[in-house]
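**Q** This is a predicted model, with the sequence first.
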Amino acid sequence: MVMDGAEAMETGLKVVSRKSFVQRFFSADYIDVPANAQILKLLSKQGDRQVLFADNVMKLNRSAKLVRRVLIITEVAMYILDSDFYRMRHRFALQAIKKLSLSESNDYFVAVHVPSEYDCLMASPRKQEIVTVLAEAAKSATASDDAIEVNFSKSFEYNMDAEHVREVHLEEVEGGVKSRFLDK
């Protein structure tokens with residue numbers, strides 16, 4: 001549900017509509033954050049005031065299995081929450097995000113690279129919106145001209161943790177995209 005300005009003001013959170021570089025209009029909040037007291041409490045406790053994006057995503061875990069998570073991007077951080085109980089699984093400061101990797105194929109994967117911690121690989125049909133919102137929010141949060149690097153490739157690597165690197169290969173095949181994950 002998309003809120004109007006009056007509803008947003010009542011909750012203390014501002015939900016912002018975004019548009020991308022191709023003039024596509026985005027809804028921003030696909031999970032109705034203002035109606036979820038647990039998420040509001042978590043964001044308030046962290047000091048966040050503005051939800052720029054919120055949706056369910058699939059995150060690739062260390063076992064190469066997709067698990068459902070909630071992704072929230074605010075004016076200062078990106079959150080990965082448990083999708084059942086909305087517990088915070090991880091919080092990445094926007095200033096710490098240095099690069100986004102996504103394939104040239106028509107798939108849903110995007111890797112968020114955070115050199116000071118670990119990287120996060122997730123899948124969402126709203127990948128374009130996630131990339132656009134993260135890039136704009138990070139640029140605003142750093143108050144500098146440094147933009148997040150956005151790489152398009154048929155394959156890319158991401159750090160699962162401090163010691164393990166996984167390579168992602170995406171290839172268009174008849175009827176879709178074939179994905180392979182190789183641990184290095």
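**A** That came in fine, so what should we check first?
**Q** For the top helix by length along the chain, buried residues please.
**A** Ranked by residue count and defined by DSSP state H, the top helix of the chain is helix 127-142. By 16 or more other Cβ atoms under 10 Å, the buried positions in helix 127-142 come out as 127-138, 141. All C-beta atoms are positioned from the backbone trio N, CA, C, and that covers glycine.
**Q** ok, those residues vs Val110, which is closest?
**A** Lys127 (4.8 Å; Cβ to Cβ).
**Q** if we can go back for a sec, now distance to Lys154 and pLDDT too, for the buried residues of helix 127-142, in CSV please.
**A** Below are the buried residues of helix 127-142 laid out as CSV (distance: Cβ to Cβ, whole Å; pLDDT from 0 to 100):
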residue, distance to Lys154, pLDDT
Lys127, 16, 93
Gln128, 18, 92
Glu129, 22, 93
Ile130, 20, 95
Val131, 17, 94
Thr132, 22, 92
Val133, 24, 94
Leu134, 22, 94
Ala135, 21, 91
Glu136, 26, 90
Ala137, 27, 91
Ala138, 25, 88
Ala141, 30, 81
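**Q** Looking at those residues, which is nearest Glu174?
**A** Lys127 (21.8 Å).
**Q** Contacts only, for the closest residue to the closest one other than its chain neighbours.
**A** Counting by Cβ to Cβ, 6 or more residues apart in numbering, Val110 is the residue found nearest to Lys127 once chain neighbours are left out, at 4.8 Å. By Cβ atoms under 8 Å, 6 or more residues apart in numbering, the contact set of Val110 is 100-102, 121-124, 127, 130-131.
**Q** Helices along the chain, start to end?
**A** For the chain, the helices defined by DSSP H occupy 5-11, 37-46, 127-142.
**Q** what's the closest of those helices to Ile31?
**A** helix 37-46 (8.1 Å).
**Q** Give me the mean pLDDT for the closest one.
**A** Throughout helix 37-46, pLDDT has a mean value of 94.
**Q** what's that helix packed up against?
**A** strand 66-74, strand 77-82 (3 or more Cβ pairs under 8 Å, 6 or more residues apart in numbering; DSSP states H and E).
**Q** Turn these into TSV, including mean pLDDT.
**A** Converted to TSV, these look like this (pLDDT from 0 to 100):
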stretch	mean pLDDT
strand 66-74	97
strand 77-82	97
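**Q** Let me have these in TSV, adding mean neighbour count and distance to Leu42 as columns.
**A** Output for the helices and strands packed on helix 37-46, formatted as TSV (neighbours: other Cβ atoms under 10 Å; distance: least, Cβ to Cβ, whole Å):
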stretch	mean neighbour count	distance to Leu42
strand 66-74	20	9
strand 77-82	20	8
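**Q** May I have stretch 171-179 as CSV, with CA atoms only?
**A** Output in CSV follows, covering the C-alpha atoms of stretch 171-179 (Å, rounded to 0.1, in the frame of the first residue of the first chain):
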residue,chain,number,x,y,z
GLU,A,171,23.6,-16.8,-18.7
GLU,A,172,20.5,-16.3,-20.8
VAL,A,173,19.0,-19.6,-22.1
GLU,A,174,15.8,-20.3,-23.9
GLY,A,175,13.0,-19.5,-21.5
GLY,A,176,15.0,-17.6,-18.9
VAL,A,177,18.3,-17.2,-17.2
LYS,A,178,20.6,-20.0,-15.9
SER,A,179,22.5,-19.2,-12.7
